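*Asks:* Give me a 3D structure for the following:
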Amino acid sequence: MTVPIPEPTARVLRRVQPVHTAVIFAAALAVGVLATRQPTLAVLAGVGLLALTFFVQVGRRVPAYALALVGISLAGYAFLGRGYAYFGVPPLFIGELTMILGLIGAGMAVWQGTRLRHTWGLVALVVVFIAIGLRSTLPYYSQYHLDAIRDAATWYYSLFAVIVAVLVVNQNRFKWAIERYGKLVPYLLVFGPIALWTTNLFHSQVPTWPTSGGEIVYVKAGDLAVHLAGMMGFLLLGLVRVRVGAPAVIQSVMSRRHEWWWWTVWLAGTAGLISSRASLLSIIAALACILMFRPLARWGKLLFVAGAIFSLLVVINPRYETKSGRELSIDGLMVALESVAGGTGNNAVDGTRTWRLNWWNKIEGYTLHGDYFWTGKGYGVNLANTDGFQVHADQSLRNPHSIHFSILARSGVPGLVSWIALNGAFAFSLFLAFVRARRQGQIMWANVHLWLLAYWLAFIVNASFDVYIEGPQGGIWFWSVMGFGIAALELCRRGEEL
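*Replies:* From the prediction side, this is the model:
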């Protein structure tokens, strides 16, 4: 798809093109002279010259290519979960490649004149969060090397918030992105649960990537729950019809006549989540967020289908025991809900709850009341080992099952404060924008802000009980949703139509 270049940018490119040509010609002559004396250096210089030539030729398209790769990667993480993260050659995987191209594209977009005039405060908070994370990483790189870089993904994935915001605004692709998400919904509703059950039932038979050896499909219950929450909000708020000129097949599939079927598919997709506290709470939190601010007019189909399926499950009472000892059944659902408030008497459920609480209490002790108040333990150290809560023989667990305590343990109190400030300001900005849009009669903008707020809340809830945002399948999605929210706030304040 060809993306038109704004006229101011085109004028700049016309001015600088002769300069680029002259520079490349001079560099080529220099490489030719160098080849007579230092052939090895000439080869390296030639490779660099080819890269420079390629960049000059396609440079103006880099923001569009970067945004396209971000979209492809988000779809990959949604369908394949952590499996998509293994696509690449160690230690460089698809997430890092996407971020590098995204940074180049965002940098060029800023050079072309794109500015986030109305949301600079949120961008500044992201920069502060990154700066604190960097301060807690650099001193430990010499000791932990690749582990420090891997753990630092907790904070450097926040670059996606800036990347997505800048690229969406620069390429004028906000409505286009919503439309593409709407096209993705039917497929993810069907194939998301299939990927989850494939991971749970056929984990050892799942094919692996030839270059990294990681599973191609690896979807956890919490991963799917967050996206089910996002899709639920998208459907409830009617955003699938955000564009009047959307393709007829999409309008037909997602029409009111077909909503019965899609709500049935959505609820069937939650069957694999009923034993997971974090998954259930993620969906419930998003539901509560939307219910709090929207009337019940569009809830009838969902509530009716939910009641019918729940009644059927009570009568049939299917049971399936997972590898962790939890039971997928109506009784398992009741136990999971009961465990949120306290003990249940079920060892498989209560054991993980006690383990988390003990670890969190220890982190509080050595940060809020200990020697790591200002600095944390840094990025690179295996917290599960040093804190004494490792549960895997291969020592693969590195972070506590909570993004808040992970940041507190690694970045200290300053890191936690910057994390809370950033997320609090983002959520409050979305809420104010929602209220403002409703008062002005901009219903679609109001629905977009509310949908993003509910989606963000689902991410936060799931990340509060699992290692989620620390990894690419959760982190890149979370920060991209925040970036899309920043773009929404920016464009709405500019008076853009939706």
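*Asks:* pretty sure residue 479 is touching residue 158, no?
*Replies:* Yes. The criterion here is CB atoms under 8 Å, and residue 479 meets it with residue 158 at 5.2 Å. Any C-beta I mention is one placed from the backbone N, CA and C, and that applies to glycine too.
*Asks:* Residue 170: neighbour count?
*Replies:* When neighbours are defined as other CB atoms under 10 Å, residue 170 has 25 of them.
*Asks:* Which neighbouring elements make contact with the host helix or strand of it?
*Replies:* Assigned by DSSP states H and E, residue 170 belongs to helix 159-171. Here helix 159-171 touches helix 62-80, helix 94-111, helix 120-135, helix 472-493, going by 3 or more CB pairs under 8 Å, 6 or more residues apart in numbering; DSSP states H and E.
*Asks:* If you count contacts, what does the host helix or strand of residue 233 end up packed against?
*Replies:* Here residue 233, judged by DSSP H and E, is contained in helix 221-236. On a contact count with 3+ CB pairs under 8 Å, 6+ apart, helix 221-236 meets helix 174-201, helix 256-269, helix 277-293, helix 443-463, helix 472-493.
*Asks:* Turn the helices and strands packed on helix 159-171 into JSON lines, including mean neighbour count, mean pLDDT and distance to residue 429.
*Replies:* Shown next, in JSON lines, are the helices and strands packed on helix 159-171 (neighbours: other CB atoms under 10 Å; pLDDT from 0 to 100; distance: least, CB to CB, whole Å):
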{"stretch": "helix 62-80", "mean neighbour count": "21", "mean pLDDT": "95", "distance to residue 429": "22"}
{"stretch": "helix 94-111", "mean neighbour count": "20", "mean pLDDT": "92", "distance to residue 429": "20"}
{"stretch": "helix 120-135", "mean neighbour count": "18", "mean pLDDT": "98", "distance to residue 429": "7"}
{"stretch": "helix 472-493", "mean neighbour count": "24", "mean pLDDT": "97", "distance to residue 429": "6"}
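*Asks:* Out of those, which is closest to residue 186?
*Replies:* Checking the helices and strands packed on helix 159-171 against residue 186 by CB to CB gives helix 62-80 as the closest, at 12.7 Å.
*Asks:* can you tell me the distance between the two ends of stretch 200-219?
*Replies:* Using CA to CA, to the nearest Å, one end of stretch 200-219 lies 9 Å from the other.
*Asks:* actually stretch 489-498, not the one I wrote
*Replies:* End to end - CA to CA - stretch 489-498 spans 12 Å.
*Asks:* Can you give the distance from it to the centre of its chain?
*Replies:* Remark: stretch 489-498 is offset 23 Å from the chain centroid, using CA atoms, centre = their mean, to the nearest Å.
*Asks:* which stretch of helix or strand covers residue 410?
*Replies:* Per DSSP H and E: helix 403-439 holds residue 410.
*Asks:* Let me know the angle separating that helix from helix 159-171.
*Replies:* 30 degrees (axes from the mean of the first three to the mean of the last three CA atoms, to 10 degrees).
*Asks:* and helix 403-439, what does it pack onto?
*Replies:* In this structure, helix 403-439 makes packing contacts with helix 120-135, helix 153-156, helix 347-367, helix 383-387, helix 443-463, helix 472-493, judged by 3+ CB pairs under 8 Å, 6+ apart.
*Asks:* How many residues are close by the residue nearest to residue 374 when sequence neighbours are not counted?
*Replies:* Distances taken as CB to CB, 6 or more residues apart in numbering place residue 412 nearest to residue 374, at 5.1 Å, with adjacent residues excluded. As a burial measure, residue 412 scores 23 neighbours (other CB under 10 Å).
*Asks:* so who does residue 412 touch?
*Replies:* 136, 367, 372-376 (CB atoms under 8 Å, 6 or more residues apart in numbering).
*Asks:* Tabulate the helices and strands packed on helix 221-236 (JSON lines), appending distance to residue 130.
*Replies:* Converted to JSON lines, the helices and strands packed on helix 221-236 look like this (distance: least, CB to CB, whole Å):
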{"stretch": "helix 174-201", "distance to residue 130": "24"}
{"stretch": "helix 256-269", "distance to residue 130": "35"}
{"stretch": "helix 277-293", "distance to residue 130": "26"}
{"stretch": "helix 443-463", "distance to residue 130": "18"}
{"stretch": "helix 472-493", "distance to residue 130": "11"}
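*Asks:* Where among those is average confidence lowest?
*Replies:* With a mean of 72, helix 256-269 has the lowest mean pLDDT of those.
*Asks:* so what pLDDT did residue 439 get?
*Replies:* pLDDT, residue 439: 94.
*Asks:* I misspoke; the intended subject was residue 387.
*Replies:* At residue 387, the model reports a pLDDT of 95.
*Asks:* List the contacts of it.
*Replies:* The contact partners of residue 387, by CB under 8 Å, 6+ apart, come to 359, 362-363, 400, 409.
*Asks:* try it again with 6 Å
*Replies:* When contacts are counted by CB atoms under 6 Å, 6 or more residues apart in numbering, residue 387 is found next to residue 362.
*Asks:* Use 32 as the first number from now on
*Replies:* New numbering, starting at 32: the last item is residue 418.
*Asks:* Tell me the spacing between it and residue 403.
*Replies:* Distance check for residue 418 against residue 403: by CB to CB, to the nearest Å, it reads 11 Å.
*Asks:* filter the contacts of residue 443 to the buried ones?
*Replies:* With burial judged by 16 or more other CB atoms under 10 Å, the buried subset of the contacts of residue 443 is 167, 398, 403, 406-407.
*Asks:* Now for those residues: which two are most distant?
*Replies:* Within these, two members stand farthest from each other by CB to CB: 167 and 398, at 11.9 Å.
*Asks:* Of the buried ones among the contacts of residue 443, just say which sits nearest to residue 240.
*Replies:* For the buried ones among the contacts of residue 443, the nearest to residue 240 is residue 167 (31.3 Å; CB to CB).
*Asks:* Burial check on residue 239, number of neighbours?
*Replies:* 13.
*Asks:* Could you check how far it is from residue 118?
*Replies:* 11 Å.
*Asks:* swap in residue 153?
*Replies:* The spacing between residue 153 and residue 118, counted by CB to CB, is 31 Å.
*Asks:* Residue 401 too?
*Replies:* Using CB to CB, residue 401 is found at 40 Å from residue 118.
*Asks:* These two: which is more packed in?
*Replies:* Just comparing residue 401 and residue 118: by other CB under 10 Å the higher neighbour count belongs to residue 118, 18 against 11.
*Asks:* dump the residue contacts of the more buried one.
*Replies:* Here residue 118 is in contact with 125, 240 (criterion: CB under 6 Å, 6+ apart).
*Asks:* let's see 8 Å
*Replies:* 107, 124-125, 240, 243.
*Asks:* contacting residues around stretch 219-228?
*Replies:* So stretch 219-228 is in contact with 109-112, 248, 250-252, 255, 258-259, 262, 293, 296-297, 299-300, 302-303, going by CB under 8 Å, 6+ apart.
*Asks:* cutoff 7 Å now
*Replies:* For stretch 219-228, the surrounding residues in contact (CB atoms under 7 Å, 6 or more residues apart in numbering) are 109-112, 248, 250, 252, 255, 258, 262, 293, 296-297, 299-300, 303.
*Asks:* Repeat that for stretch 142-150.
*Replies:* For stretch 142-150, the external contacting residues (CB under 7 Å, 6+ apart) are 39-40, 154, 196-197, 200-201, 517, 520-521, 524-525.
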